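Peer 1: No letters, just coordinates:
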């Protein structure tokens, strides 16, 4: 089947604008993750959903960041009043929850956000 | 101390050689360990995972885990120029989220 998809692939926002980034996980994957990757760094965890429940949002950097997954499939990461430091690649990953498994995560292509 | 540490490189090896990539982690409760490959401008691609001490082989790739010493490594045999990429080590500490190192850049010289 298809992999994780994300849209848009590129987004340029003026400082202060709100943006919404979409993630469509692999079909049947109950877990969905958002990560932020700065240039030259590894991805950093933002938030985690199991179905529609947001079980961990400890990585969200400020209350300007908000994520939802209302029907347990597609997820949206919203950033309000964007700042230049929000410029990064936002990666979505999904995982099949298999008890006793390694819970490996598969990444989408990412959305590159540039705040000017 | 970062939770997951990797040498940033670049690690340069000739074509056909074995490339050895290393990673150390700080959380002794870490349960599973992943290697991702990331080409420039692309997203991370899962290569292998391991959660038991010892070696795990998949084609040209071997992952090695030593929980007592808190390190995990990736060996790439018969390295090809197409293996040139950044290799990210990631650790699952039991909370589902992965903690990543900053990656090691590998260059395979033809």
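Peer 2: Happy to help now that I have it. Predicted model only: the values in this text are computed from it and were never measured. Numbering: from 1, shown residues only, chains lettered A, B, ... in the order given.

Peer 1: Chain B contacts on chain A?
Peer 2: With CB under 8 Å from any CB of the partner chain as the criterion, chain A meets chain B at residues A:31, A:33, A:35, A:40-45, A:48, A:55-56, A:59, A:89, A:91, A:95, A:102-110. For the C-beta atoms, the positions are set from N, CA and C on the backbone; glycine is no exception.

Peer 1: Chain A contacts on chain B?
Peer 2: Contact residues, chain B versus chain A (CB under 8 Å from any CB): B:4, B:32, B:34, B:36, B:42-46, B:49, B:51, B:88, B:90, B:92, B:95-103.

Peer 1: What subset of those residues is buried?
Peer 2: By neighbour count, with 16 or more other CB atoms under 10 Å in any protein chain shown, those hold B:4, B:32, B:34, B:36, B:43-44, B:46, B:49, B:51, B:88, B:90, B:92, B:96-103 as buried.

Peer 1: residues touching the residue of chain B found nearest chain A, list them.
Peer 2: Relative to chain A, the nearest point of chain B is residue B:100 (3.1 Å; CB to the nearest CB). Residues in contact with residue B:100 (CB atoms under 8 Å, 6 or more residues apart in numbering or on different chains) are A:42, A:43, A:44, B:4, B:36, B:88, B:89, B:90, B:91.

Peer 1: Residue B:5 too?
Peer 2: So residue B:5 contacts B:23, B:24, B:25, B:101 (CB under 8 Å, 6+ apart).

Peer 1: Tell me how far the host helix or strand of the first one lies from the chain's centre.
Peer 2: Element membership of residue B:23, judged by DSSP states H and E, is strand B:19-25. Strand B:19-25 has its C-alpha centroid displaced from the chain centroid by 6 Å (CA atoms, centre = their mean, to the nearest Å).

Peer 1: what helices or strands is the helix or strand following it leaning on?
Peer 2: Heading C-terminal from strand B:19-25, the first helix or strand you meet, by DSSP H and E, is strand B:32-38. Counting contacts by 3 or more CB pairs under 8 Å, 6 or more residues apart in numbering or on different chains; DSSP states H and E, strand B:32-38 is packed against strand B:19-25, strand B:45-50, strand B:61-66, strand B:71-76, strand B:85-92.

Peer 1: tell me how far the ends of stretch B:69-87 are from each other?
Peer 2: Chord length of stretch B:69-87, first to last residue, is 21 Å (CA to CA, to the nearest Å).

Peer 1: roughly how far out does it sit from the chain middle?
Peer 2: Chain-centre distance of stretch B:69-87: 6 Å, with CA atoms, centre = their mean.

Peer 1: and what of stretch B:98-110?
Peer 2: Relative to its parent chain, stretch B:98-110 has a centroid offset of 7 Å by CA atoms, centre = their mean.

Peer 1: likewise stretch A:2-13?
Peer 2: 10 Å.

Peer 1: got it, and stretch A:46-59?
Peer 2: For stretch A:46-59, the distance to the chain centre is 10 Å (CA atoms, centre = their mean).

Peer 1: Any stretches of chain A with poor pLDDT?
Peer 2: Applying pLDDT under 70 to chain A flags the ranges A:1, A:98-102.

Peer 1: Can you show me the helices along it?
Peer 2: Counting by DSSP state H, chain A has no helices to list.

Peer 1: got the phi/psi numbers for the one residue in it that gets nearest to chain B?
Peer 2: Residue nearest to chain B within chain A: residue A:42 (3.1 Å; CB to the nearest CB). With angles defined as degrees, to the nearest 10, residue A:42 sits at phi -80, psi 160.

Peer 1: pretty sure it is touching residue B:103, no?
Peer 2: Yes - here residue A:42 reaches residue B:103: they are 5.6 Å apart, a contact under CB atoms under 8 Å.
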